[in-house]
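Q: got a predicted model here, sequence first, then my questions.
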Amino acid sequence: MTAYKRSNYLKRDKLFYIDIAFIILMMCAFLFSFWKCKYGFGGNDEAFYLCTPQRLILGDSLLSEEWHLSQLSAFLLYPFVWLFTAITGGTTGIILAARYTYIMLHFAVSILIYVRLRKYELGALAATILFFLFTPFDIMSLSYNTMGIDLVAVTGVLLATADYKNKAVLIFSGIAFAGAVLCQPYLIMAYVLFALCVTANIILKKLKKNVNFFAQDYFSLKTFLFFTLGAAVVAAIFFTFLLSRAGIGEIMQNIPYILSDPEHPELTVLTRISYLFRTIWESADLFNISIVAYFIILFAMIIDEKRRNHRGLYLLLTSITVIFALITFIPRLINYNYNFIMFPFIYLGISSYILSENKNRNLMACLFSLGIIYSFALSFTSNQYFYIVSCAISASNIASFVFLGNVLTEMKNEKEDENEKKVTIVSYTSGNEEKIISAAPNRIFSAFAIIFAVVTILFQACLQTVVKANHCFWEQPMEYLNSTLSGGPADGIITYEANAQNYQNLLYDINQAYDDKQNENILFLTQTTWTYLAAEDMNYATFSGWISGENKAAAYRLEQYFALHPDKIPKYIYIPKASEWDLTNLQTEAAAKGYAVNETIYSYQLEKQ
């Protein structure tokens, strides 16, 4: 048997065992996620994700009746909410159903990623499993965050691994990208950069200049056109849906109000970048040490002309820096800083790419860079800064694991080659033995680098698993979650006793008030967003299910909304007594506008006479 055939057989055997490991680990992660997703009912974000698609089903329009910046993603959520309500006849249990649906879709995306990257063996295995284990903010539900990251990952992986003669893959990558843009409109900047790179490729070819960065298949005009075709299909369907509900004039009239969201104030580019880097620097005690340390390592790598000979040392130092950074986050990971866990591994991705001899330029250009662009796009529309950026990095880190696997394989092969050379030289020319022995420090660094890189991956995996098992977004620790919610949109979710009692009381009060009422406009003056889902078919009388505070600013925004949309003036207004409104003034103003007030144990219920 030739050496080539023997190598081929060994590779096939290795892939077989890696496939088995992938199946076992993915099934464990899948079942683990299914077990965990029933726990926790904290915050208002999760229910809000479903409010906008619900109001679309009730006949409202995007970019007109809804004023929240994240609203375009509702177009992607519309089919789920429509199908669920059509099958069940209501919204009971819809929040938990959205969690289960997310897990299944995320599972399918992860399988696709592994299949496309499978040839990268252990790098692909680690990348896929750890990508599946992570969920932005640990809110395992369909949302603009979870769908956005999945669609960015699919776009990059398909584009990087495409047979560029296969038009279907390029079209599907464009479809995925268009979906990602609906989740984060600023991501359109990636498309502009793509177009510029393609243009540069065309110009350089005409000038007969070969610039390696641009002279790639993924920057060809053909790739760009079929990618654009896929994106155009989604865009055409979206705009047809949009314009069937609202005219261009109406949309333009509402755009200024959408952009003036008080939770997302307009800031200059420099101010946003300044905030972003400040939140990175201040994210955890001592974390800034890892930033400084890594920039020193990065600078040394860049200026070192013989960095390939020293890559064991650089990789070892980078791994130690990543481990240190992860340790600094541990005290805060069980709380709201869960996303931070995904950021440090980016150090290893960058170092591994720089130190690789055979660089994977496809993944760098199509996936790693796209993830970075996506993270910056998020930082320009979110008030979360490093918190949102660190979760977006999870898409780039799929490539980081592949880069790391690639450089570790090169170092392993290099070590084997050196051992073979040493045997040959010592056998025939004893005078050269000293030259081989002098290479021992490099081999020692390489051995430690491989060990520490593996330890880093295992440490990352352990942290992600432990934190996912114990962290619940804006909730009590897991040991206190022992009460199952019954009825309403959160049916079946397990939370702590006091939270469950508050939910059941409010749900009972809403059902008592509106079960026998006509489906008129209703306004819930509360940030408890699930109340709109509980109202079933009642029409939204608000600029958004998320009203950005129970204060004068929110009240003024409502007045602006009703002035522009008089048909949305509410017939019913529901105000929980636990809210932060000035309830005395609200009742006085309501009476002056013709509302009768009914007081219960839990709320004030206003009805226009």
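A: That came in fine, so what should we check first?
Q: residue ranges of each domain in the chain, please.
A: Segmentation of the chain into domains, based on automatic domain parsing, reads 3-470, 496-608.
Q: just put those in CSV and tack on distance to Asn482.
A: In this view, the C-beta of every residue, glycine as well, is placed from N, C-alpha and C. Output for the domains of the chain, formatted as CSV (distance: least, Cβ to Cβ, whole Å):
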stretch, distance to Asn482
domain 3-470, 10
domain 496-608, 7
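Q: of these, which is nearest Ser483?
A: domain 496-608 (3.6 Å; Cβ to Cβ).
Q: and the closest one, end to end?
A: Distance across domain 496-608, first residue to last, is 37 Å (Cα to Cα, to the nearest Å).
Q: equivalent analysis for stretch 486-502, please.
A: 12 Å.
Q: find the residue at the geometric middle of the chain.
A: Ile149 (3.6 Å; Cα atoms, centre = their mean).
Q: number of residues surrounding the closest residue to it other than its chain neighbours?
A: Take Ile149 and drop its neighbours on the chain: the residue closest to it by Cβ to Cβ, 6 or more residues apart in numbering is Ala395, 5.5 Å away. The local packing of Ala395 (other Cβ atoms under 10 Å) involves 29 other residues.
Q: which ones are touching Ala395?
A: Residues near Ala395 by Cβ atoms under 8 Å, 6 or more residues apart in numbering: Phe131, Ile149, Val152, Ala153, Gly156, Leu367, Leu370, Gly371, Tyr374.
Q: quick check: which element contains Lys209?
A: Lys209 is part of no helix or strand, with elements assigned from DSSP states H and E.
Q: from Leu130, how far off is Leu463?
A: With the distance defined as Cβ to Cβ, to the nearest Å, Leu463 ends up 10 Å from Leu130.
Q: between those two, which one's more packed in?
A: Neighbours were counted for Leu463 and for Leu130 using other Cβ under 10 Å; Leu130 has more, 24 against 17.
Q: helix/strand/coil for Ser486?
A: Following DSSP: H, G, I helix; E, B strand; the rest coil, Ser486 is assigned to coil.
Q: make JSON lines out of the contacts of Ala395 and add secondary structure.
A: Formatted as JSON lines, the contacts of Ala395 follow (three-state DSSP):
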{"residue": "Phe131", "secondary structure": "helix"}
{"residue": "Ile149", "secondary structure": "helix"}
{"residue": "Val152", "secondary structure": "helix"}
{"residue": "Ala153", "secondary structure": "helix"}
{"residue": "Gly156", "secondary structure": "helix"}
{"residue": "Leu367", "secondary structure": "helix"}
{"residue": "Leu370", "secondary structure": "helix"}
{"residue": "Gly371", "secondary structure": "helix"}
{"residue": "Tyr374", "secondary structure": "helix"}
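Q: mind listing what the residue nearest to the centre of the chain touches?
A: With contact set as Cβ under 8 Å, 6+ apart, Ile149 has these partners: Pro136, Tyr374, Cys391, Ala392, Ser394, Ala395.
Q: cool, and Asp285?
A: Residues in contact with Asp285 (Cβ under 8 Å, 6+ apart) are Thr328.
Q: doesn't it fall inside a strand?
A: No - Asp285 is assigned coil when assessed by three-state DSSP, not a strand.
Q: local confidence estimate at it?
A: For Asp285, the model assigns a pLDDT of 86.
Q: sorry, back to before: average pLDDT for the helix or strand containing the residue nearest to Ile149?
A: Assigned by DSSP H and E, Ala395 falls within helix 386-428. Helix 386-428 shows an average pLDDT of 79 in the prediction.
Q: then stretch 218-238?
A: On average, the pLDDT along stretch 218-238 is 95.
Q: all numbers from here: first residue = 779
A: Let's use 779 as the start, then, which means that last one is stretch 996-1016.
Q: what residues does that stretch touch?
A: Outside stretch 996-1016, the residues touching it (Cβ under 8 Å, 6+ apart) are 850, 853, 937-938, 940, 942, 945, 948-957, 959-960, 969, 972-973, 975-976, 978-980, 995, 1140, 1143-1144.
Q: those residues, buried ones only, as a PyMOL selection?
A: In PyMOL, a selection of the buried entries from the contacts of stretch 996-1016 looks like this (16 or more other Cβ atoms under 10 Å):
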select buried, resi 850+853+937+938+940+945+948+949+950+951+952+953+954+955+956+957+959+960+969+972+975+976+979+1140+1143+1144
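Q: helices - which of the contacts of stretch 996-1016 land there?
A: Those of those mapping onto helices are 853, 937-938, 945, 948-957, 959-960, 969, 972-973, 975-976, 978-980, 1140, per DSSP state H.
Q: which helix or strand contains the closest residue to Lys945 other than its chain neighbours?
A: Leaving out its chain neighbours, the residue that sits closest to Lys945 by Cβ to Cβ, 6+ apart is Phe1004, at 5.1 Å. Counting by DSSP H and E, the element that carries Phe1004 is helix 999-1021.
Q: next, the angle from that helix to helix 945-961.
A: Angle, helix 999-1021 to helix 945-961, by axes from the mean of the first three to the mean of the last three Cα atoms, to 10 degrees: 40 degrees.
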